[in-house]
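Participant: Sequence first, predicted model second:
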Protein chains: 2
Amino acid sequence: MAFDAIETPFGKIDKIVGGAATYAAYAASPFVKPILQISIVGNDFPAEEMDGLTKRGVNLEGVEVVPDKKSFFWSGKYHLDMNTRDTLVTDLNVLADFNPVVPESYQGAEFLMLGNLMPLIQISVINQLKQRPKLIVLDTMNFWMETAMEDLKKALTMVDVLMINDSEARFLSDEFSLVKAAKKILQMGPKYLIIKKGEHGALLFNEDKVFFAPALPLEDVFDPTGAGDTFAGGFIGHLARTKDISFENMKRGIIYGSAMASFCVEKFGTERIISLEQDEVEQRVQEFVDLVQFDITLV
Amino acid sequence: MAFDAIETPFGKIDKIVGGAATYAAYAASPFVKPILQISIVGNDFPAEEMDGLTKRGVNLEGVEVVPDKKSFFWSGKYHLDMNTRDTLVTDLNVLADFNPVVPESYQGAEFLMLGNLMPLIQISVINQLKQRPKLIVLDTMNFWMETAMEDLKKALTMVDVLMINDSEARFLSDEFSLVKAAKKILQMGPKYLIIKKGEHGALLFNEDKVFFAPALPLEDVFDPTGAGDTFAGGFIGHLARTKDISFENMKRGIIYGSAMASFCVEKFGTERIISLEQDEVEQRVQEFVDLVQFDITLV
């Protein structure tokens, strides 16, 4: 949970609420309640944002509020293709000393989404859960591959689903072909690998199976910040609602995650996803069905 | 119909048979016969290649053989991502004076695929057909947009389907968003627009409808030369076989085209597609079905 300042070809916004946990929680909220949030904020995080999350079914008991520090702050600038961004400012602030404590009331959680963060922190959360969740999903990024690869490799042996983007998959596996990359990464621990390709969709790998979900072609991608976290929230939200972790249901989870991400990018920050209702989501999912469905009779 | 010399990260080949018409004809050959070829070659084009095409049902009456000149020659080099290539050599040779004459026996052709070439030549072929084909598909490229835009715009008013890649769609429309680009381009004449995105699949636009077909995730893309022409051949081959030009059937055409292209890139040049049979194609199409199909019950 953090603050972002964002510049895109469509506009600029100075300081809005962001952070992987914020996006993921809002994105899971149309699907499942309660969402047991673990994060850290400073004294500057707005009370009305906390209330907004609570109203969407997000339990904030696991969110540490540090009275004498500021929240994490990130500032970035996107270019026309929206697939690359320049980081302008990263102020760790409270995140520098983040040592999450899982509240007793969170024990027994069946679905665990580990947002992108230092692998040792992700491992710590897993280790604090007395009963292993039914499904653990981990998101990470190049930065941890470059600075904490051994910890990350340990974390990978403890999770079920790894969620990274295409360049991260290539970096982690040292393979250019995503099919070859997936084969190598599935040897590292996770049984499922989701490779996010932004506007080019997402791939799900499991054993020899592969599923592809497109991104929705949009008139404009207004602000891609948080799209990956929103995808993650929609994905695990659907799985948690249905309690079905089969490959077939993960396909649906990816479609729901893609639908949530397609909303996210329509406005700055969390604006478009904070109040989405199930029926809007279902309508958007229908657009995905229409986009890819075809009917071939094979001989 | 031409010669290519190709270098990819996987190997190098000095001089092999290529050319849009060669790829498109081979790619259409599992679907429909006869294929009425219009092209031009020099005295160096191998007789066994002509025989190979004839055996696949390609009528070569419309292929002019110039006794004292050489065939078109292109040489290029691909880099690791295979989406960009450097042209090393372009020898127009016979193509410099190409003035196609449609044989009388070709009159009445119902499906016309105009491969990437000077728009005036594409227009000339259309004008020589006494009866307008049921469907005219046109492929083109940036080069003609830069050097012959007025002719190209005229050609666009005469065709049903335009087939270009994403950067060409952006260039032609002056829009970055492919959805906005499609809207503009569909005002220029064609009722259908196919945007090819290489390894990221293809989009079909018609009025307010859009269909997306992925590319098959492959272990290696060995040589992408001719993949777009192969896609075109599979697409129009399927339409010509079924004689159905509905949007629903064009979706299937795109899947067949994508399947043919996925074979093409597995080997150098036309090697993988010259002898494909219907059953291999159907198996490959099944992989596309498995790749994208999901089953969501919407409330």
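Facilitator: Yep, that arrived. Numbers count the residues shown, from 1 in each chain, chains lettered A, B, ... in the order given.

Participant: Could you use CA atoms for every contact and neighbour count after this?
Facilitator: OK.

Participant: Can you name the residues in contact with stretch A:181-193?
Facilitator: A:153, A:156-163, A:169-170, A:172-175, A:203-207 (CA atoms under 8 Å, 6 or more residues apart in numbering or on different chains).

Participant: Next secondary structure after the lengthiest helix in chain A?
Facilitator: Determined from DSSP state H, the single longest helix within chain A is helix A:247-264. Of the helices and strands lying after helix A:247-264 in sequence (DSSP states H and E), the nearest is helix A:278-292.

Participant: Output that next one as CSV - backbone C-alpha positions only.
Facilitator: What follows is helix A:278-292, C-alpha atoms only, in CSV (Å, rounded to 0.1, in the frame of the first residue of the first chain):
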residue,chain,number,x,y,z
GLN,A,278,-20.0,-8.4,-10.2
ASP,A,279,-22.4,-7.6,-13.2
GLU,A,280,-20.0,-5.1,-14.8
VAL,A,281,-17.2,-7.8,-14.5
GLU,A,282,-19.4,-10.4,-16.1
GLN,A,283,-20.2,-8.1,-19.0
ARG,A,284,-16.5,-7.5,-19.5
VAL,A,285,-15.8,-11.2,-19.4
GLN,A,286,-18.4,-11.7,-22.1
GLU,A,287,-16.3,-9.4,-24.3
PHE,A,288,-13.4,-11.8,-23.8
VAL,A,289,-15.6,-14.7,-24.8
ASP,A,290,-16.7,-12.9,-27.9
LEU,A,291,-13.1,-11.8,-28.7
VAL,A,292,-11.6,-15.3,-28.9
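
Participant: list the helices and strands that helix packs on?
Facilitator: helix A:247-264, strand B:209-213 (3 or more CA pairs under 8 Å, 6 or more residues apart in numbering or on different chains; DSSP states H and E).

Participant: Please identify the deepest-packed of those.
Facilitator: helix A:247-264 (a mean of 25; mean count of other CA atoms under 10 Å in any protein chain shown).

Participant: Establish whether that one and chain B are in contact.
Facilitator: Yes. Helix A:247-264 lies within reach of chain B by CA under 8 Å from any CA of the partner chain, at A:Glu248, A:Lys251, A:Arg252.

Participant: ok, the closest residue to the second one other than its chain neighbours to A:Leu162 distance?
Facilitator: If you skip the residues right next to it in sequence, A:Lys251 has B:Phe294 as its closest partner in space, 6.4 Å away by CA to CA, 6 or more residues apart in numbering or on different chains. Relative to A:Leu162, B:Phe294 is positioned 21 Å away (criterion: CA to CA, to the nearest Å).

Participant: Compare these two (neighbour count), which wins?
Facilitator: Neighbour count, other CA atoms under 10 Å in any protein chain shown: between B:Phe294 and A:Leu162, A:Leu162 has more, with 24 against 20.

Participant: Please determine how far A:Asp220 is located from chain B.
Facilitator: 6 Å (CA to the nearest CA, to the nearest Å).

Participant: Name the residue closest to the centre of chain A, please.
Facilitator: A:Asp229 (2.5 Å; CA atoms, centre = their mean).

Participant: OK, contacts around A:Ala155?
Facilitator: A:Pro119, A:Leu120, A:Gln122, A:Ile123.

Participant: Which of the three states applies to it?
Facilitator: helix (DSSP: H, G, I helix; E, B strand; the rest coil).

Participant: for the stretch 51-200 of chain A, what spans make up the strands?
Facilitator: A:58-65, A:72-78, A:85-91, A:111-114, A:135-139, A:161-165, A:192-196 (DSSP state E, counting those that start in this stretch).

Participant: so which of those gets nearest B:Asp279?
Facilitator: strand A:192-196 (31.2 Å; CA to CA).

Participant: List the buried residues for the closest one?
Facilitator: Applying a neighbour-count criterion of 16 or more other CA atoms under 10 Å in any protein chain shown, the buried positions in strand A:192-196 are A:Tyr192, A:Leu193, A:Ile194, A:Ile195, A:Lys196.

Participant: A:Asn83: how many residues sit nearby?
Facilitator: A:Asn83: 12 neighbours (other CA under 10 Å).

Participant: Is it correct that it is in contact with A:Gly198?
Facilitator: Yes. At 6.9 Å, A:Asn83 counts as touching A:Gly198 under the criterion of CA atoms under 8 Å.

Participant: Quick check: closest non-adjacent residue to the residue of the stretch 51-200 of chain A found nearest chain B.
Facilitator: With CA to the nearest CA as the measure, A:Val179 is the residue of the stretch 51-200 of chain A nearest to chain B, at 5.2 Å. Leaving aside its chain neighbours, A:Val179 sits nearest to B:Glu219 (5.2 Å; criterion: CA to CA, 6+ apart).

Participant: Surely the one you found is within a helix?
Facilitator: No. Read with three-state DSSP, B:Glu219 is coil and lies in no helix.

Participant: So it sits against B:Glu199, correct?
Facilitator: No. With contacts counted by CA under 8 Å, B:Glu219 stays clear of B:Glu199, the gap being 11.8 Å.

Participant: show me what contacts the spatially closest residue to A:Thr54 that is not a sequence neighbour?
Facilitator: In this structure, A:Thr54 finds its nearest non-sequential neighbour in A:Leu60, 7.1 Å apart by CA to CA, 6+ apart. When contacts are counted by CA under 8 Å, 6+ apart, A:Leu60 touches A:Leu36, A:Gln37, A:Ile38, A:Met50, A:Thr54.
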